[in-house]
Structure formats: C-alpha cells, structure tokens
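My questions are about this predicted structure, shown below with the sequence.
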Amino acid sequence: MQRDEKQALVDEVVTLLADAGALYVSDYRGLTVAEMTELRGKLRASGATVRVLKNTLARIAAERAGCQAMLPLFSGPTAVTFCGEDLVAPAKALAEFARAHAELQVRGGLLQGGVVDAAAVRALATLPPREVLVGRVVGTIAAPLSGLLTVLRGTVSGLARALQQIADQKAAAA
C-alpha cells in the first residue's frame with residue numbers, strides 16, 4: 001500500500017469513527033473467506049459494514065478521531081463493524097455468527113462515545129428489538145393511568161349505587 005493510499009484509508013476510518021454511533025471490534029482469525037463473506041452479508045442486512053483494518057492504521061485513525069481508549073482493542077487480526085442507525089441489530093448478528101463460528105471473537109467496541117468490553121456487546125445482543133422496548137415503556141406508562149381510570153369509574157359507580165339505595169329506602173319509607 002502506498003503512502004497516499006494509507007492516508008486516504010486513515011481519513012476514511014476517521015470519518016467512519018466520527019459518524020458511527022457504535023462499532024464493534026472483532027478478531028476474525030481462523031475464519032475462511034466464505035465465512036467472512038457470510039458475516040459481511042449478515043451485517044449488511046442489519047445496516048452495518050465490516051472493514052478489515054491494519055492495526056497501525058486503525059490506531060492512527062482512532063487517535064485522530066479522539067478515541068484513544070480504543071487503542072488496546074487493535075491487536076491481532078482486526079475486523080471493525082461500523083453500525084448504522086440500529087446499534088443492536090449488528091451486535092445480534094455478530095453474536096449469532098459467533099455462536100455458529102467459534103473462531104470469531106468479539107473484543108469490544110465503542111458505543112455512543114464510550115468503550116465497551118466483549119461482555120457488554122453480548123449483553124447488548126440480548127436486548128429485545130426496539131419496537132418491543134417501546135411497547136414496554138408505553139405499557140409501563142399506561143398501567144398507572146388505566147388503574148386510575150378503574151378506581152375513578154369504581155368510585156363514581158359506587159356513589160351512584162349508594163344514591164340509588166338511599167332513594168329506594170326513602171321511596172319505601174314513604
């Protein structure tokens with residue numbers, strides 16, 4: 001690789017680091033080309049892209065992007081997964097692929113500006129889809145409101161029954 005090509009690659013990775021809400025660093029040692037192609041396809045379907053980077057160039061790009069905390073992740077064969085809008089789907093795809101192919105080792109990553117370890121990436125992969133989480137939040141917010149409505153309905157109907165009983169007693173007494 002010529003010097004200007006390396007510089008262009010570093011500039012591209014700096015841009016990707018700055019734009020990515022999340023990225024995951026993996027060790028792909030032992031995967032075949034066909035398996036890497038399969039992984040790329042799964043990650044592309046989840047809105048992410050995978051780049052195999054030289055560690056020296058990755059370190060330079062991380063320093064320029066202000067991500068010095070990521071430097072320990074760049075050792076050995078390095079594949080970096082840059083996430084798009086969805087931060088969870090690529091983590092799920094990586095975890096699913098790693099279950100089927102033990103050679104893939106997720107080292108950690110960068111999640112909204114903070115460095116996370118491999119365990120955090122696995123925990124992120126176990127989260128339910130966004131729609132389910134939103135539904136749970138809405139249900140949690142709506143539960144007290146529906147309980148309040150039930151109590152208010154019960155109070156109003158109880159008052160109406162009590163007034164009806166008083167009216168019936170007065171009518172029977174008269």
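Noted; the coordinates are in hand.

use CA for all of it now, contacts and neighbours both
Noted.

give the contact list for the residue most central in space within the chain.
With distances taken as Cα atoms, centre = their mean, the chain has residue 88 as the residue nearest its mean C-alpha position (2.7 Å). Neighbour list for residue 88: 124-125, 127, 129 [criterion: Cα atoms under 8 Å, 6 or more residues apart in numbering].

cutoff 10 Å now
Neighbouring residues of residue 88 by Cα atoms under 10 Å, 6 or more residues apart in numbering: 22, 46, 121, 123-130.

now residue 75
Going by Cα under 10 Å, 6+ apart, residue 75 touches 26-27, 54-56, 58-59, 107.

care to break this structure down by domain?
3-127, 128-174 (automatic domain parsing).

Just the endpoints, please. Distance across the first one?
Length of domain 3-127, first residue to last, Cα to Cα, to the nearest Å: 42 Å.

if we can go back for a sec, and among the domains of the chain, the most buried is which?
Most buried of these by mean neighbour count (mean count of other Cα atoms under 10 Å) is domain 3-127; its value is a mean of 18.

Point out where the chain drops to low pLDDT.
Across the chain, residues meeting the criterion (pLDDT under 70) sit at 148-149, 151-152.

longest single helix anywhere in it?
helix 130-173 (DSSP state H).

What is that helix packed up against?
The contact analysis (3 or more Cα pairs under 10 Å, 6 or more residues apart in numbering; DSSP states H and E) places helix 130-173 against no helix or strand.

Show the residue spans covered by the helices in this structure.
Remark: helices assigned in the chain by DSSP H are 3-19, 33-45, 55-65, 88-100, 118-125, 130-173.

Serialize those helices to TSV and add fields for distance to residue 81.
Shown next, in TSV, are these (distance: least, Cα to Cα, whole Å):
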stretch	distance to residue 81
helix 3-19	10
helix 33-45	8
helix 55-65	13
helix 88-100	8
helix 118-125	12
helix 130-173	20
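
out of those helices, which comes closest to residue 82?
Residue 82 sits nearest to helix 3-19 of all the helices of the chain, at 7.2 Å, using Cα to Cα.

Could you list every helix and strand in contact with that closest one?
Helix 3-19 packs on strand 49-53, helix 55-65, strand 78-82, going by 3+ Cα pairs under 10 Å, 6+ apart.

re earlier: for residue 155, state which of the contacts of residue 88 is nearest.
Closest to residue 155 out of the contacts of residue 88 is residue 130 (38.0 Å), distances taken as Cα to Cα.

need the contact list for that closest one.
86, 88-89, 136.

Tell me how far it lies from residue 88.
9 Å.
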